[in-house]
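> my questions are about this predicted structure, shown below with the sequence.
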Amino acid sequence: MGPQHAQVDLLHQTSRIVSSGLTLDDMLKELIRMAAEVTACDACLVYLVEPKGDIVLRASQLPHSAEIGSIRLKLGEGVTGWVAAHKSVVALPDKAASDKRFKSFPALVEDTFEAFLSVPLVSAGDTIGVINVHHKQPHTHSPEQIALLSFMGEQMGGAIARSRVMDENARLQEEALEIRRQLEARKLVERAKGILQAKYSLTEEQAYLRLRSESRRLRRPMRDLAEAIILAEDVITSPASNAPPILRNLDLVDSAERYSVA
């Protein structure tokens with residue numbers, strides 16, 4: 001396959017990935033697959049630049065579950081950091097570790113390989129990450145391989161950047177929902193405490209300790225117990241309640257236990 005045909009094929013593959021709605025992790029796996037296909041490498045790593053500037057390992061062709069997300073570089077640090085800072089390609093055909101810019105990580109067997117090619121991932125003119133391909137034996141990367149990998153970095157950069165924005169928005173939405181759930185739970189607990197204080201002449205601390213004790217005894221969240229206490233109080237005190245007199249005389253915590261267990 002000639003360079004032009006290979007580029008067209010990569011463009012088609014990239015378009016498919018972009019329109020597929022893949023998660024960021026799956027998108028990075030596809031990027032590694034295509035990079036390996038283009039360069040016939042023995043290993044491929046993808047680093048992404050975080051908002052604060054750190055360059056973090058996010059995906060790997062070889063298994064590196066413990067290192068994903070934990071190996072970090074500063075902008076300009078190592079060959080990877082240099083590529084990110086200068087938005088330039090680095091191709092080392094042999095003895096890659098002897099390059100003065102090279103930073104080795106003992107956990108990465110790839111750092112012992114001979115040949116190394118590092119290409120920036122670019123989106124809207126900014127470097128958002130770096131693709132590194134490694135060969136165990138000396139290997140001269142052809143201009144076509146470098147061009148194709150660079151093309152891939154440009155095409156995939158925007159898609160990865162958008163995917164990261166979507167992931168971040170989803171994370172922020174989930175955090176907002178969790179904060180809302182916590183506030184709602186706090187309001188329920190506060191209301192249940194007030195009911196216990198009024199019913200049993202308890203202090204706020206005593207009411208809270210009673211709630212906590214019952215929550216532990218029943219092995220139910222305090223929110224559930226608080227909701228049950230509020231429900232029991234509403235049933236008992238409602239003017240329109242059809243509850244039998246015996247129910248109206250039930251102890252609130254006992255009623256709450258019945259509701260929470262039901």
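Nice, I can see it.

> domains for this protein, by residue range?
Domain segmentation of the chain under automatic domain parsing yields 3-167, 176-261.

> and the first one, how far from the chain's centre?
Once both centres are worked out by CA atoms, centre = their mean, to the nearest Å, domain 3-167 turns out to sit 19 Å from its chain's centre.

> ok, residue 118 - contacts?
With CB atoms under 8 Å, 6 or more residues apart in numbering as the criterion, the residues that contact residue 118 are 79, 80, 83, 89, 90, 91, 130, 131, 132, 133. For glycine as for every other residue, the C-beta is placed from the backbone atoms N, C-alpha and C.

> out of those residues, which is nearest to residue 97?
Lowest distance from residue 97 to those (CB to CB) belongs to residue 79, with 9.8 Å.

> with adjacent residues omitted, what lies nearest to that closest one?
In space, not counting the residues next to it along the chain, residue 79 is nearest to residue 101; the distance is 4.9 Å by CB to CB, 6 or more residues apart in numbering.

> before we move on, back to that, any of the contacts of residue 118 buried? List them.
For these, a burial check counting by 16 or more other CB atoms under 10 Å picks out 79, 80, 83, 89, 90, 91, 130, 131, 132, 133.

> dump those to TSV, plus pLDDT and distance to residue 63.
Listed next are the buried ones among the contacts of residue 118 as TSV, based on pLDDT from 0 to 100; distance: CB to CB, whole Å:
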residue	pLDDT	distance to residue 63
79	96	22
80	96	20
83	96	24
89	95	27
90	96	25
91	96	26
130	95	20
131	95	18
132	96	16
133	96	17
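
> from those, pick the one nearest residue 60.
Scanning those for proximity to residue 60, where the rule is CB to CB, the winner is residue 132, at 9.6 Å.
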